[in-house]
Every structure is written in C-alpha cells, then in structure tokens.
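> no sequence on this one, just coordinates:
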C-alpha cells in the first residue's frame, strides 16, 4: 500500500467529516434513526419492515456520491493488494464482528460517540485496536 501524502489535504478531510456528521445528525433528528450502515443494510433483510424507502435512499446516496464527485474532480486511484478470496473472507469477518458488536464503525464511531455512549466508545476502541493488530500480524508476523 502506498499513501501519496502530497494528495492529503486536511481541509478536504475536515469538510468530509463535517458532511458525515451533518448527515448523521439530520438522519437522527428528522427520522429518529442512527446512521449505522450495518443496521441500515440489515434492516432491508428483516421481514415485514415497512421502512425500506429511507434505507434504500440512504444507501443509494452512498453509491451515488462518488459518481457525482467524478463530475467535479478525478476520483482517487484505488489499489487493493489482496485477492477476491481474501476480500470475501475479510468481509465475512467484518460482518460477523458487526453482529457481535451490535453495530459498525459508523454507528458506534460517528453516532454513538457523539451521543456520549460508553458502549460505543468501548466498541470503537476495540474496532481500532483489533484493526491495528490485524495489520501488524498480516504484514509482520505471517509469511508472505
């Protein structure tokens, strides 16, 4: 993995974070819902739910945002140094983790911490710690 530090601008990161926070605040204020992606997606697969409309609209916005962005600026180059099999296994592990953790980083890290939830602070610290440990083990312990 290569990080091009000349392309990092703190202003774009600050604006993007503000937009995420604003969208999360609007969702909870106007709809009474937490902007946790795993819960939004999971709710689409729950039988008998009559609130699929806002869930589909929210997820459509996530997909549409980079498509709209490319009209204004070039999308950053994305390079993934893993096979599809590794990505599939990693996705399944993350999915299992969101079930055990009762949410994902967007729900706990963005919405839960901003609401002052001790459970969300603990969950986010565990997410970050396990992520750092996984990167260390994969890059420095396991044979390549």
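Alright, I've got the coordinates. Remember, predicted model here, so these are calculated numbers, not experimental data.

> Give me the contact list for the helix or strand of the chain with the lowest mean pLDDT.
Every helix and strand of the chain was ranked by mean pLDDT, DSSP states H and E. The lowest is helix 105, at a mean of 82. Contacts with helix 105, where a contact means CB atoms under 8 Å, 6 or more residues apart in numbering, come from 124, 127. Every residue, glycine included, has its C-beta placed from N, CA and C.

> If we use 10 Å, what do you get?
With CB atoms under 10 Å, 6 or more residues apart in numbering as the test, helix 105 has contacts from 36-38, 94, 97-98, 112, 120, 123-124, 127-128, 131.

> so how far is it off the chain centroid?
6 Å (CA atoms, centre = their mean, to the nearest Å).

> Quick check: next helix or strand after that helix?
Per DSSP states H and E, the first helix or strand lying C-terminal to helix 105 is helix 113-114.

> Quick check: pLDDT value at the spatially most central residue of the chain.
For the chain, residue 106 is the residue whose C-alpha lies nearest the centre (CA atoms, centre = their mean; 5.1 Å). At residue 106, the model reports a pLDDT of 82.

> I'd say it and residue 114 touch.
No - counting by CB atoms under 10 Å, residue 114 is not a contact partner of residue 106; they are 11.4 Å apart.

> Give me the distance between residue 16 and residue 9.
10 Å (CB to CB, to the nearest Å).

> ditto for residue 50
43 Å.

> And the two? Which one has more around it.
A direct count of neighbours by other CB atoms under 10 Å for residue 50 and residue 9 places residue 9 higher, at 9 against 5.

> Quick one: neighbours of residue 87, just the number.
11.

> Number the chain from 742, please
That works, and once the first residue is 742, the last one we named lands at residue 828.

> what helix or strand is it on?
Judged by DSSP H and E, residue 828 forms part of helix 825-841.

> List the buried residues of that helix.
Going by neighbour count (16 or more other CB atoms under 10 Å), the buried part of helix 825-841 is 838, 839.
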